[in-house]
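[1] build me a structure from this.
(2 chains)
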Number of protein chains: 2
Amino acid sequence: MPTVPVPLPDRAYDIHIGHGFLADAARFVRPVVRGNQLMLVFDENLAEPHARVLEQSLSADGFVVKTLQLPAGETTKSVQHLAAIWDAFAQNRFGRDCALVALGGGVIGDLAGFAAASFMRGVDFVQVPTSLLAMVDSSVGGKTGINHPLAKNLIGAFWQPKLVLADLDVLHTLPKGERISALAEIIKYGVIYDPQFFAWLEKNIAHLRELKDDAVSHAVQRSCEIKAEVVLQDERETGLRKILNFGHTLGHAIENSAGYGVVRHGEAISIGMVAESRLQVMRGVPGWTNHEHARLVELLEAARLPVRIPGEIKLGLDTLIAAARSDKKNRSGKIRYALPTALGKMEDVSASEEEAAQVLLEVGARQ
Amino acid sequence: MPTVPVPLPDRAYDIHIGHGFLADAARFVRPVVRGNQLMLVFDENLAEPHARVLEQSLSADGFVVKTLQLPAGETTKSVQHLAAIWDAFAQNRFGRDCALVALGGGVIGDLAGFAAASFMRGVDFVQVPTSLLAMVDSSVGGKTGINHPLAKNLIGAFWQPKLVLADLDVLHTLPKGERISALAEIIKYGVIYDPQFFAWLEKNIAHLRELKDDAVSHAVQRSCEIKAEVVLQDERETGLRKILNFGHTLGHAIENSAGYGVVRHGEAISIGMVAESRLQVMRGVPGWTNHEHARLVELLEAARLPVRIPGEIKLGLDTLIAAARSDKKNRSGKIRYALPTALGKMEDVSASEEEAAQVLLEVGARQ
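    Down below sits the predicted model:
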C-alpha cells in the first residue's frame, strides 16, 4: 500500500493509497486529529454503503460522529451549502478540536475543506476522495473553496488536510465518465514534470482506463508525488506552482463558456492542453515541436479524452477569448499560460489574444 | 509619529499611529499592496467626511477605488454582508492583486478582513481602525471573522494586514462610550504583561479618558507592542496567546447572556476581569492578593468602567454559567481561564463551575 508523504513545514501529512479504508478509517484518523468530535460530510450518492460504512467504523472506535449529507453536483459549492456546514457545527456545539471528514469528489472536498478552514478559524480536516480526479488533483495543494455566481472557485482558503485516504475500492462504484476525465490531469503531470511517467502512461493507458488496480495505484501515487513536489516549493502559488495550470487557461475558458457540467473539467483540460500545446509549437520552441504535440494528442486519444470541442457544442471564439481574458490567472492585458518547453520542463508565457484565437479555432471553436 | 513593527515571518507589517492619515493614505498604501485596484469598505457612520477623504486621497494617487458602505453595528458581521463584499469584488472583476481597505471599528475590520482572507483565497488587506478598541485590539493578531446566530466569531480566518493606519484624529469624532470601552483592553495589557505600563495607566488614566493625544498615542503604541510580542510567539493561539483572554471567559459570558449590544464588549471585559481576578485571589496565589485586586478595581473605576453587572440588567447565574461553559476556549468539562499570578505574569487555570458561580455572584449575577 503506497503512502505519499506531503512534508509541508508544520503541516506535514500522509496520503494513503489502498483498499478497504472506509471500514478501517479510525486507525488512520485517530492519530492525526486532536479531539473526539467528527463531522462527516458526504455526497448523497455515497450515502449507501460508503458513508454508512465510514460512519460506523469511526463510531465503533469511540468517535462522536455527526453526519451531513449534501446534494451531488457543482452547484453544491455555494455559500448556502457552506453555511449549512457551519450550521451543523454550531448546532452540534462542536469545539475547536473537532475535525471534518469529507467523503466525496472534488466538489465535496473543496466545499468541506473551506468549511474546515473557516469554522473557528480552522479545524482539523480529513479528506476521503472518492473520484480519481479528486485523488490526483485535490489530495495535494490545500486549495479549498466555493463558486461565486460570476466565477468558479472565487472564494476560499488554503487549508491543508491532516490526512488523505484514497480508497481505490470506491472508484469501481463510480460512473466511468468521471474516471476518464481524471486521466487528463494525470497526463498533465507527465507533461509538466516527468518524461518517464509520460512514457509509462503511453504504455499503461489502457490499464488505467480499465481501472486495473496496480496501474491506478501507481498513477495516483506518482501524480500526488509530483504535485507535492511542486506545491512544496510554492505553497501559495506565486511561482513554480503555475506549471500546474498547463491546459487550464484555455481549458477553463471552454469549461466556463459551455456552462457548468456541459463539458467535464477533465475533458475541457484535455482540449485546453491540445490548444495550448499547439500555441507552443507555433511559437517555435526547440523542445516542443509537432513531434511532442503528436505524442500528447495520441495519449489523450488513447485515454478516450476529447482533443477537440465536440461538434454539438457550439462555442463562439469571442466568448472563449473573453472567458480566457477574465480568468483569474491573467493579470495584465495579454493572456498568460504555463507551456512546456520540453517534456517535463515548463515556462511562463504571455501571448496575444490573436494567438489564442488561432489555436482555439484549430480545436473547434466557431468563428 | 510612533510606528509599531509586527515582524511576523513572511508577513511583517507596520502599525502607524498618528494624525492626518486619511488625506495622505496613498503614501503608506502604495508601497505595501501588489496591484492598483482597491475596495474601500466602510461603516455608514464614517461616510462623511472620513470615507470620502480617504477615497479621494487614494484615487488622486492613481488607484482604482471602488467603495462599499455597510451598516453600523454587530449584526453586520454576518454571512450576508460577507457575501456582499464578495459580490462587490466579483462584480467589479477585481483580480488576485487587488486589496481591501477597511475603514471602521472592530466589526468592519473583522468582517472585511475575512472577506480579504477568502476572496481568491486571500488578497491584500489594509486596516484603518477608527475606534480606540479596534486600534489596540484588532490591529495585531490577524483574527478575522463573522458571527453565527448561535455564537460570536464562530467563522473566520487568521489573516494578517499589510498595513495598519491608526489615525488619532478620527477618535475625536466618535461617541465617548466607545472610547471608554477600549480602556478595559488597554488595562488588560498592563495586567497580563507589563507592570510598568500598568503603573503608567494608574497615573495617566484621566488623560486617556479625555483623549489627550500624547497619552492616547502612548497607550495605543504600548498595547500594540505587547499584543505583537505575544502574538509573535504564538500566532495561532495554541499556547501563550491565551493570556490575552484574561477577563474574557466570564466577560464573554456576561456579554453574550445580556444579548448583543446591551453590555459593551469593553464593559463586559471590565466586569469579567474583576470576577476572574477575584477567582485568583480566592485560589490563594502569593503574587495576586487583595492588594493587586484592589489596584485593578481602582484603575477600572478611574477609567469609568463598570466593575459590577449594572443593576438594571438582570443576569441569572445559570445562564451565565451555561454561557461560560459553551465558550470556545473551554475544551473539557471545567471552565478555563488565563489568570494573573502577579502583575505582568499569567497562568492557565481550570476551575470548577462552583468557583465561577461564587465570583459571578460577587459581581452582581442574580441567584
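
[2] hmm, who's touching stretch A:101-109?
    A:25, A:29, A:38-43, A:46, A:50-51, A:54, A:58, A:70, A:72-74, A:76-77, A:111-113, A:116, A:125-131, A:133-134, A:137-138, A:144, A:178, A:265 (CB atoms under 8 Å, 6 or more residues apart in numbering or on different chains). For glycine as for every other residue, the C-beta is placed from the backbone atoms N, C-alpha and C.

[3] three-state assignment of A:Ala357?
    At A:Ala357 the chain is in helix, as set by DSSP: H, G, I helix; E, B strand; the rest coil.

[4] I misspoke; the intended subject was A:Pro340.
    A:Pro340 - assigned by three-state DSSP - is strand.

[5] relative to A:Val164, how far out is the closest residue to it other than its chain neighbours?
    Using CB to CB, 6 or more residues apart in numbering or on different chains and skipping residues adjacent in sequence, the residue nearest A:Pro340 is A:Trp288, 5.1 Å away. As defined by CB to CB, to the nearest Å, A:Trp288 lies at a distance of 33 Å from A:Val164.

[6] between the two, who's got more neighbours?
    Set side by side, A:Trp288 and A:Val164 show more neighbours around A:Val164, with 28 against 24, by other CB atoms under 10 Å in any protein chain shown.

[7] who does that one bridge with?
    A:Ile15, A:Gln127 (DSSP bridges).

[8] OK, contacts around the residue nearest to A:Pro340?
    A:277, A:280-281, A:339-342.

[9] quick one: mean pLDDT for the one helix or strand A:Asp214 maps to?
    Take DSSP states H and E as the rule and A:Asp214 turns out to sit in helix A:213-232. For helix A:213-232, mean pLDDT rounds to 95.

[10] against B:Val65, how distant is the spatially most central residue of chain A?
    Residue closest to the average C-alpha location in chain A (CA atoms, centre = their mean): A:Asp137, at 3.1 Å. To B:Val65, A:Asp137 is 37 Å away according to CB to CB.

[11] strands of the stretch 251-367 of chain A, start to end?
    A:335-342, A:345-351 (DSSP state E, counting those that start in this stretch).

[12] meant to ask about the stretch 51-200 of chain A, not that
    Using DSSP E, counting those that start in this stretch, strands in the stretch 51-200 of chain A cover A:64-70, A:99-104, A:124-129, A:143-148, A:151-158, A:163-167.

[13] pick the most deeply packed of the ones you listed.
    strand A:99-104 (a mean of 28; mean count of other CB atoms under 10 Å in any protein chain shown).

[14] coming back round to it: the residue nearest to the centre of chain A contacts A:Glu185, correct?
    Yes - the pair A:Asp137 / A:Glu185 is scored as a contact, 5.1 Å apart, by CB atoms under 8 Å.

[15] quick check: neighbours shared by these two?
    With CB under 8 Å, 6+ apart, A:Asp137 and A:Glu185 have common neighbours A:Ser223.

[16] out of the strands of the stretch 51-200 of chain A, nearest to A:His252?
    strand A:151-158 (7.6 Å; CB to CB).

[17] and the angle for that closest one with strand A:143-148?
    Strand A:151-158 runs at 140 degrees relative to strand A:143-148, counting by axes from the mean of the first three to the mean of the last three CA atoms, to 10 degrees.

[18] next, see if strand A:151-158 gets close to chain B.
    Yes - using CB under 8 Å from any CB of the partner chain, strand A:151-158 reaches chain B at A:151, A:154-158.

[19] wait, doesn't A:Gly141 sit right on A:Leu232?
    No - between A:Gly141 and A:Leu232 there is no contact under CB under 8 Å: 10.3 Å.

[20] compare neighbour counts for these two and give me the winner.
    In this view A:Gly141 and A:Leu232 are compared by other CB under 10 Å, and A:Gly141 has more residues nearby, 18 against 15.

[21] and the nearest residue to that one once chain neighbours are set aside, how far is that from chain B?
    Once flanking residues are discounted, A:Gly141 sits nearest to A:Val231: 5.1 Å by CB to CB, 6+ apart. A:Val231 sits 13 Å away from chain B, going by CB to the nearest CB, to the nearest Å.

[22] burial measure for A:Val231, as a count.
    22.

[23] give the contact list for it.
    A:6, A:8, A:140-142, A:241.

[24] run through the residues of chain A sitting next to chain B.
    So chain A meets chain B at A:35, A:79, A:83, A:86-87, A:89-91, A:93, A:95-97, A:114, A:117-122, A:143, A:145, A:148-151, A:154-158, A:236, A:326, A:328, A:330-331 (CB under 8 Å from any CB).

[25] run the last query once more with 7 Å
    A:79, A:83, A:86, A:90-91, A:93, A:95-97, A:117-121, A:143, A:145, A:148, A:150-151, A:154-158, A:326, A:328, A:331 (CB under 7 Å from any CB of the partner chain).

[26] tell me the residue of the stretch 151-300 of chain A that sits nearest chain B?
    Nearest to chain B, among the residues of the stretch 151-300 of chain A, is A:Gly156, at 4.8 Å (CB to the nearest CB).

[27] where exactly do the helices run in the stretch 151-300 of chain A?
    Using DSSP state H, counting those that start in this stretch, the helices found in the stretch 151-300 of chain A span residues A:168-171, A:176-193, A:195-209, A:213-232, A:248-258, A:265-283, A:290-302.

[28] typed the wrong thing, it's the stretch 1-150 of chain A
    Under DSSP H, counting those that start in this stretch, the stretch 1-150 of chain A gives helices at A:26-29, A:52-60, A:79-91, A:106-118, A:132-133.

[29] low-confidence ranges, chain A, go.
    For chain A, the stretches with pLDDT under 70 are A:237-238, A:260, A:327-333.

[30] show residues contacting stretch A:320-328.
    Stretch A:320-328 is contacted by residues A:249-250, A:252-254, A:256-257, A:335, A:353, A:356-357, A:360, A:365, B:93, B:95-96, B:120 when judged by CB atoms under 7 Å, 6 or more residues apart in numbering or on different chains.

[31] how far is it from where the chain is centred?
    20 Å (CA atoms, centre = their mean, to the nearest Å).

[32] what does stretch A:303-321 give?
    21 Å.

[33] report the buried residues of that stretch.
    For stretch A:303-321, the buried set under the neighbour-count rule, 16 or more other CB atoms under 10 Å in any protein chain shown, comprises A:303, A:305-307, A:309, A:315, A:317, A:319-321.

[34] much appreciated, bye for now.
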